[in-house]
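[1] Fold the following, please.
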Amino acid sequence: MSDPHDLVCVYNATSSTKAELVRNLLEAEGIRAATADTNSPFPGLSIMPSEVYVERSSEQEALAVIAAAEHLHNPDSDEIGEEFAEEETGT
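    The predicted structure follows:
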């Protein structure tokens, strides 16, 4: 059985700036989140995706907050908003 405090990736951003925006959004909703630039030899550069992590117990809530933000960004479409179009949520 998984530990509810294990970290899971809920968002892959194309830049560390976008990852920080998503992290701030989640934390504003009371969800502890962290970002990782582990794949980049130069943190802050958009060479590789930057990931946003939350505790497994908060995963579904975090995904719902991200989905709501995407919908607010582009309410006339069922598609992901332009700001988030380049990213995919993790599972």
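[2] Report the beta-bridge partners for residue 51.
    Assessed by DSSP bridges, residue 51 has beta-bridge partners residue 12, residue 36.
[3] Return the per-residue confidence for it.
    With respect to pLDDT, residue 51 scores 91.
[4] wouldn't it be in contact with residue 14 here?
    No: between residue 51 and residue 14 there is no contact under C-beta atoms under 8 Å: 11.1 Å. To be clear about C-beta, it is placed using only N, CA and C from the backbone, and glycine gets the same treatment.
[5] Those two: which has the busier surroundings?
    Neighbour count, other C-beta atoms under 10 Å: between residue 51 and residue 14, residue 51 has more, with 23 against 14.
[6] so who does the nearest residue to residue 20 once chain neighbours are set aside touch?
    Excluding its sequence neighbours, the residue lying closest to residue 20 (C-beta to C-beta, 6 or more residues apart in numbering) is residue 35, at 6.1 Å. Counting by C-beta atoms under 8 Å, 6 or more residues apart in numbering, residue 35 touches 16, 19-20, 23, 50-53.
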